[in-house]
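Chemist: Fold the following, please.
(2 chains)
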Amino acid sequence: MAEFIDLVLLAMLAITALRVIFLKDLFAVVMLFGIYSFLSALIFVSLDAVDVAFTEASVGAGISTVLMLGTLALTGRKEKKNENASILPLLVVGVTGAALIYGTLDMPPFGHPDNPIHEHVAPRYIEESPKEVGLPNMVTSVLASYRGFDTLGETVVVFSAMIGVLALLGVVRREESAPESGLQSHRVLHVVAKLIIPLIILFALYVQFHGDFGPGGGFQAGVIAAAAFILYALVFGLPMAFAVVEPKFLEKMAAFGVLLYASVGVYSMLKGGHFLDYNQLAADPVAGQHYGIIIIELGVGITVFAVMLSIFYAFGSQAERSNVQ
Amino acid sequence: MNFIFDYYNYWIVVFLMMAGFYIVISAGNLVKKVVGLSIFQTSVFMLYISMGKVSGGTAPIVAEGVTQYSNPLPHVLILTAIVVGVATTAVGLSLIVRIKRAYGTVEENEFEDKDDAI
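Modeler: As a prediction, this is how the structure comes out:
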């Protein structure tokens, strides 16, 4: 049965990808990409990767799609027909694909418990992490504790992406009262958005602080919280959103998240341990792990939230500017 | 038959990867290229997650009466990769916005007329 679901989902993914190749309407392409992300989130669920599915659904289908639509608003929604279409790309893709398929034949068969990937560190994580770190969700244990250094690096990458986007686009603020932005006249949207936004934020907080026990964590929570504010900005217009959360404040918030994460590392060094050695944070090592993970997940959540929202601000304010001109 | 069941997952993932790759090299529109790149990226994620799957296993969250868990390590790597992926996609899209502003087009073959091929 699992194989059947898997096959159906994979077939739907293949159809979506093929449609994207032939469509010239970029709005439809972006929407299909959102569908592609949702389908792959389903695949991740059926492959037991619930945390990954959570992230893919909120990031891939949510934020990516919004950003791509924001770009389309500035660049136009039609792809021009390519006159000198050649056979060369097809040939390159065919050869690469054949080489990769040949490569998979040397891979261990799908799903066998004694594949090489399941030896070495993985059994240790599965058997020891509930005792050493004391959390039921092994993904959170590995992410925040065993590979905490790695996650710090990724948080810094997300932060530097924000610097890149702001350096390239910047957030444009219009002082004079321009034509009404957002969907001001849609009363139904206003009412529904006002009802939904608090619930989304509540859910984000749940995902943030329950990530130790179930699927979730700082990355997902940050994106979901950002989605609530993006919804607000879309429905009520950017100036209103700026009044709620200042773009300048977001920049400081993103930096604060990274610094909060790094300061846990420095603090554990001051206590006589290694960088990000949470065992030093409390008298009882397991309690120390708990404190460390909650704080660094909070740092990740704050940074991801601030970065996603300020990237949206950057794209949104460009689109509004071009509409006014 | 067993042979197909052992590998079909990888093969379809390779097909999806190649669909993304084809969009990247054949599309003229830069936004569509970014979509292709994202499709490629998501397929790579699927390859990693497929490798971490254990038949009969369950999600790596401790539960009563479960002995077989799937491998949590690829999940961790891919989870962070997804967020980094959207961040880099955002940088790519903002480059496209700047290109549009500087050259007035995001179609690849239109740059060549202007001696500004990228």
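
Chemist: Please make it C-alpha for all contacts and neighbour counts, starting now.
Modeler: Will do.

Chemist: Give me the residues contacting stretch A:289-300.
Modeler: Contacts to stretch A:289-300, defined as Cα atoms under 8 Å, 6 or more residues apart in numbering or on different chains, come from residues A:133-134, A:144-145, A:155, A:208-209, A:217-219, A:222, A:256-261, A:264, A:278-279, A:281.

Chemist: Of the residues you listed, which are in range of chain B?
Modeler: Residues of those in contact with chain B (Cα under 8 Å from any Cα of the partner chain): A:F219.

Chemist: Okay, and which of the contacts of stretch A:289-300 map to helices?
Modeler: Judged by DSSP state H, the subset of these located in helices is A:155, A:208-209, A:218-219, A:222, A:256-261, A:264.

Chemist: how about TSV for the residues you listed, with neighbour count added?
Modeler: Output for the ones in helices among the contacts of stretch A:289-300, formatted as TSV (neighbours: other Cα atoms under 10 Å in any protein chain shown):
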residue	neighbour count
A:T155	25
A:Q208	25
A:F209	17
A:G218	29
A:F219	30
A:G222	30
A:F256	17
A:G257	26
A:V258	24
A:L259	18
A:L260	19
A:Y261	25
A:V264	22
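
Chemist: Could you pull up the mean pLDDT of stretch B:11-23?
Modeler: Stretch B:11-23 carries an average pLDDT of 93.

Chemist: hmm, I was thinking of stretch A:19-29
Modeler: Average pLDDT, stretch A:19-29: 91.

Chemist: Could you find the closest non-adjacent residue to residue 13?
Modeler: You didn't pick a chain, so chain A it is. Nearest residue to A:L13, sequence neighbours excluded (Cα to Cα, 6 or more residues apart in numbering or on different chains): A:Y36, at 6.1 Å.

Chemist: wrong one, chain B
Modeler: Among residues not flanking B:V13 along the chain, B:S43 sits closest, at 5.8 Å (Cα to Cα, 6+ apart).

Chemist: Now find how far off-centre the helix or strand containing the one you found is within its chain.
Modeler: B:S43 belongs to helix B:30-52 when elements are defined using DSSP states H and E. Taking Cα atoms, centre = their mean, to the nearest Å, one finds the center of helix B:30-52 at 1 Å from the center of the full chain.

Chemist: can you check stretch A:247-266 too?
Modeler: Centroid separation for stretch A:247-266 versus its chain: 18 Å, with Cα atoms, centre = their mean.

Chemist: Kindly report the same for stretch A:24-31.
Modeler: Computed by Cα atoms, centre = their mean, the chain-centroid distance of stretch A:24-31 equals 21 Å.

Chemist: before we move on, back to that, surely the residue nearest to A:L13 meets A:T16?
Modeler: Yes: with contact defined as Cα atoms under 8 Å, A:Y36 reaches A:T16; the gap is 6.4 Å.

Chemist: same for the longest helix along chain B, what does it pack against?
Modeler: Longest helix of chain B, by residue count under DSSP H: helix B:72-103. With contacts taken as 3 or more Cα pairs under 8 Å, 6 or more residues apart in numbering or on different chains; DSSP states H and E, helix B:72-103 sits against helix A:50-55, helix A:65-75, helix A:121-132, helix A:138-140, helix A:148-168, helix A:285-324, helix B:30-52.

Chemist: Using PDB, write out the CA atom coordinates for the first one.
Modeler: Included here for helix A:50-55 are C-alpha records, laid out as PDB according to Å, rounded to 0.1, in the frame of the first residue of the first chain:
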ATOM      1  CA  VAL A  50       7.900  14.600   9.000                       C
ATOM      2  CA  ASP A  51      10.200  17.500  10.000                       C
ATOM      3  CA  VAL A  52      11.400  17.900   6.500                       C
ATOM      4  CA  ALA A  53       7.800  17.700   5.100                       C
ATOM      5  CA  PHE A  54       6.800  20.400   7.500                       C
ATOM      6  CA  THR A  55       9.600  22.700   6.300                       C
END
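
Chemist: ok, and what's touching it?
Modeler: Helix A:50-55 is contacted from outside by A:40-45, A:139, A:215-216, A:219-220, B:59, B:75-76, B:78-79, B:82-83, using Cα under 8 Å, 6+ apart.

Chemist: 6 Å - rerun?
Modeler: Helix A:50-55 is contacted by residues A:41, A:44-45, A:215-216, A:220, B:79 when judged by Cα atoms under 6 Å, 6 or more residues apart in numbering or on different chains.

Chemist: who wins for neighbours among the residues you listed?
Modeler: Using other Cα atoms under 10 Å in any protein chain shown as the neighbour test, the contacts of helix A:50-55 are led by A:Q220, with 30 neighbours.

Chemist: between the contacts of helix A:50-55, which is nearest A:K80?
Modeler: Nearest to A:K80 among those is A:A41, at 31.5 Å by Cα to Cα.

Chemist: sec struct for the closest one, please.
Modeler: When classified by DSSP: H, G, I helix; E, B strand; the rest coil, A:A41 comes out as helix.

Chemist: Tell me the pLDDT of the most centrally placed residue in chain B.
Modeler: Computing the C-alpha centroid of chain B and ranking residues by Cα atoms, centre = their mean puts B:Q41 first, at 1.4 Å. Per-residue confidence (pLDDT) for B:Q41: 93.

Chemist: just the one 3 residues further on next, same as before
Modeler: Per-residue confidence at B:V44 stands at 94 (pLDDT).

Chemist: so which helix or strand takes in the closest residue in space to it that isn't next to it in sequence?
Modeler: Nearest residue to B:V44, sequence neighbours excluded (Cα to Cα, 6+ apart): B:M17, at 7.0 Å. Assigned by DSSP H and E, B:M17 belongs to helix B:2-26.
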